[in-house]
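Visitor: Using only what follows, build the 3D model:
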Amino acid sequence: MKTLLTTVLILTMSVVAHGQPVVLSLPEFLDLVERNSLALDSARIEQGFTETDVTVTRALTRPNIGAQASLTRSLLETEQNIPGMGSTTVDPFNELSGGVSLQQLIFDLRAFRALEASRRADDLTASVFEARRQAVLTGAKKLFYQAILLEEVVAVRRASEELARDAYDDVRRRAEAGVASQLDVLRAELGWRSTVPEVTLAERNSALARANLRAFAGIEPGAELRLVGSLSEVPARPAPASLSDALGARPDVQALRGAQTLRELGVAAQRAEFYPSLSGSVTWGWSARDEGFAFSDPTQTLRAGLQLQVPIYSGGARMGRLNRARLELESAGVELDQAINDIRTELERIELSLTEAEARMESARSTVATAELAFEMTQLSVDAGISTQLELKDARVSLVSAQLALYAASFDFLSAFFDRQAAVGQGADPLP
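Guide: Numbers count the residues shown, from 1 in each chain. Predicted coordinates for the structure are as follows:
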């Protein structure tokens, strides 16, 4: 299996190296974006920061254990005065000591509130990441179909240029045969040459869109892309989304609600500063001294203690921090209410955009059919000498405008469809 995977990888790299096109469908493109997006990498790093903060906060409620050891040597003889016994001389000696201490927080509301807040912050970061992920993938879907739209524009412009060139060649041959006038030739040539800059502009816009696709998905610059997709068919219009369903599914709303919960815990944490805290400790020590290194007569100690801290007065700082936490909670509530109002308006805007795009598509389909028929009839009339090259140019321009209008309406429908997916918490889903 490993050999097979290695072979596939080598063949894939070889294909890219030899300039073969990279074939991309929308799901494949979204997968590349999710793996290579720098914006998502940044969000993942922020998520890692939060996980680290949770670990640090949890440490406040866990035992703190430490150990120490030391070895010292006195270098001079010393005299010690002993009351009632005179003085005595102490020779240089070695002293070895060590100990282990354990400290444990027993009661501190601030630490407990901070621990609960860190747990909620972990969930909040997950919601924030998912909201950013869906926003990035929604933008990627629009970018993918924008590139397809610009491909269609290039195809339409090239077809228009070819039609104009064919018409010019036909008129020139007829002029050489004495059937058409030189003025007809000049008009046909002017109609053809006026389409060339439009093709160049369309090709440039398409190339820029493909460059954006490569950068967005982490594809090697300059790699040829072949996009699998079409604007000829669009998905069926979904039923209108209810506000309650959207609010329940959107990760950004979950993040705002999580932020409000954190602000509530922040108020509770500031209140906890008015409560006392209690901690306990246990310490064991060992020490011995000897002129050599025998240390045969050590001294051991074992102590246990409790420490109670009672806040009495801080100059009003605690009350100021509590009031600030209350204001932050109120601000979080206002932000959530504003987001709900924005989402309600967004859902209405999306429905209007879908309705407008559907109407434009229906009208554009009829216009394209009419323009195609009009162009064919004008072409036959020109061949019969009834219509002029100017009328043929007008018919061709009308056909091109109708085709581009259809593609633009289809893209606008898809764009609104993707916005609708994001509005109901499905921004990461491809087309159904």
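
Visitor: so where do the strands sit in the stretch 201-350 of the chain?
Guide: With strands called from DSSP state E, counting those that start in this stretch, the stretch 201-350 of the chain shows them at 225-228, 277-290, 299-309.

Visitor: what does the stretch 1-150 of the chain give?
Guide: 22-25, 64-73, 78-82, 86-90, 94-107.

Visitor: Using TSV, lay out those strands together with distance to Val368 and mean neighbour count.
Guide: In short, each C-beta sits where N, CA and C put it, glycine included. Formatted as TSV, the strands of the stretch 1-150 of the chain follow (distance: least, CB to CB, whole Å; neighbours: other CB atoms under 10 Å):
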stretch	distance to Val368	mean neighbour count
strand 22-25	26	17
strand 64-73	76	10
strand 78-82	109	9
strand 86-90	110	10
strand 94-107	75	15
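
Visitor: Can you add mean pLDDT and distance to Gln309 and give the ones you listed back as TSV?
Guide: Putting those into TSV (pLDDT from 0 to 100; distance: least, CB to CB, whole Å) gives the following:
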stretch	mean pLDDT	distance to Gln309
strand 22-25	90	63
strand 64-73	91	16
strand 78-82	67	40
strand 86-90	65	42
strand 94-107	89	10
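
Visitor: hang on, the earlier thing: which one of the strands of the stretch 201-350 of the chain lies closest to Asp166?
Guide: Minimum separation from Asp166 across these (CB to CB) falls at strand 225-228, 27.7 Å.

Visitor: just how off-centre is the closest one within its chain?
Guide: 24 Å (CA atoms, centre = their mean, to the nearest Å).

Visitor: measure Asn323 to Glu346 for me?
Guide: As judged by CB to CB, to the nearest Å, Asn323 and Glu346 stand 35 Å apart.

Visitor: Of the two, give the one with the bigger neighbour count.
Guide: The neighbour count for Asn323 versus Glu346, taken as other CB atoms under 10 Å, is higher for Glu346 (16 against 13).

Visitor: Now do the contacts for that one.
Guide: Asp419, Ala423 (CB atoms under 8 Å, 6 or more residues apart in numbering).

Visitor: Check it and give its pLDDT.
Guide: Per-residue pLDDT puts Glu346 at 94.

Visitor: likewise Thr50?
Guide: Per-residue pLDDT puts Thr50 at 74.

Visitor: circling back to that earlier point, is it possible to get a markdown table of the strands of the stretch 201-350 of the chain that adds distance to Val156, mean neighbour count and mean pLDDT?
Guide: Converted to a markdown table, those look like this (distance: least, CB to CB, whole Å; neighbours: other CB atoms under 10 Å; pLDDT from 0 to 100):
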| stretch | distance to Val156 | mean neighbour count | mean pLDDT |
| --- | --- | --- | --- |
| strand 225-228 | 16 | 16 | 92 |
| strand 277-290 | 74 | 15 | 89 |
| strand 299-309 | 78 | 10 | 91 |
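
Visitor: now for those strands, which one comes closest to Val153?
Guide: strand 225-228 (13.6 Å).

Visitor: what does the closest one contact?
Guide: By CB under 8 Å, 6+ apart, the residues outside strand 225-228 that reach it are 21-26, 144, 147-148, 151, 210, 213-214, 219.

Visitor: from those, which is closest to Thr378?
Guide: Glu151 (27.5 Å).

Visitor: what's around the closest one, how many residues?
Guide: Neighbour count for Glu151, taken as other CB under 10 Å: 21.

Visitor: Where does it fall, secondary structure wise?
Guide: Using DSSP states H and E, the element containing Glu151 is helix 109-176.

Visitor: Touching, Asn174 and Ala188? I think so.
Guide: Small correction: residue 174 is Arg, not Asn. No. Between Arg174 and Ala188 there is no contact under CB atoms under 8 Å: 9.7 Å.

Visitor: Looking at those two, which is more packed in?
Guide: Shown here are Arg174 and Ala188; by other CB under 10 Å, Ala188 has more neighbours (28 against 18).

Visitor: which stretches of this protein have low pLDDT?
Guide: 1-19, 78-91, 389 (pLDDT under 70).

Visitor: re earlier: closest one to Asp429 among the strands of the stretch 1-150 of the chain?
Guide: Of all the strands of the stretch 1-150 of the chain, strand 22-25 comes closest under CB to CB, at 14.2 Å.

Visitor: tell me what the closest one is packed against?
Guide: strand 225-228 (3 or more CB pairs under 8 Å, 6 or more residues apart in numbering; DSSP states H and E).

Visitor: Strand partners (parallel or antiparallel) of the strand it packs on?
Guide: In the sheet, strand 225-228 lines up against strand 22-25 (parallel) (DSSP bridges).

Visitor: Alpha carbons of the strand it pairs with, as CSV, please.
Guide: The C-alpha trace of strand 22-25 is given here as CSV (Å, rounded to 0.1, in the frame of the first residue of the first chain):
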residue,chain,number,x,y,z
VAL,A,22,-4.9,20.6,-12.7
VAL,A,23,-8.5,19.5,-13.0
LEU,A,24,-10.6,21.0,-10.2
SER,A,25,-14.2,20.5,-9.2
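
Visitor: what sits up against it?
Guide: By CB under 8 Å, 6+ apart, strand 22-25 touches 16, 32, 144, 213, 217, 219, 223-229.

Visitor: Pipe the contacts of strand 225-228 into JSON lines and attach distance to Arg204 per row.
Guide: Converted to JSON lines, those look like this (distance: CB to CB, whole Å):
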{"residue": "Pro21", "distance to Arg204": "20"}
{"residue": "Val22", "distance to Arg204": "21"}
{"residue": "Val23", "distance to Arg204": "23"}
{"residue": "Leu24", "distance to Arg204": "21"}
{"residue": "Ser25", "distance to Arg204": "25"}
{"residue": "Leu26", "distance to Arg204": "24"}
{"residue": "Phe144", "distance to Arg204": "19"}
{"residue": "Ala147", "distance to Arg204": "13"}
{"residue": "Ile148", "distance to Arg204": "17"}
{"residue": "Glu151", "distance to Arg204": "13"}
{"residue": "Arg210", "distance to Arg204": "11"}
{"residue": "Leu213", "distance to Arg204": "15"}
{"residue": "Arg214", "distance to Arg204": "16"}
{"residue": "Ile219", "distance to Arg204": "20"}
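
Visitor: can you give me phi and psi for Phe274?
Guide: Phi and psi for Phe274, reported as degrees, to the nearest 10, are phi -90, psi 0.

Visitor: Test my guess that it contacts Ala317.
Guide: No. Between Phe274 and Ala317 there is no contact, the gap being 11.6 Å when judged by CB under 8 Å.

Visitor: okay, and the common contacts of the two?
Guide: By CB under 8 Å, 6+ apart, no residue touches both Phe274 and Ala317.

Visitor: what residues are up against Pro63?
Guide: For Pro63, the contacting residues are Leu102, Gln103, Gln104, by CB under 8 Å, 6+ apart.
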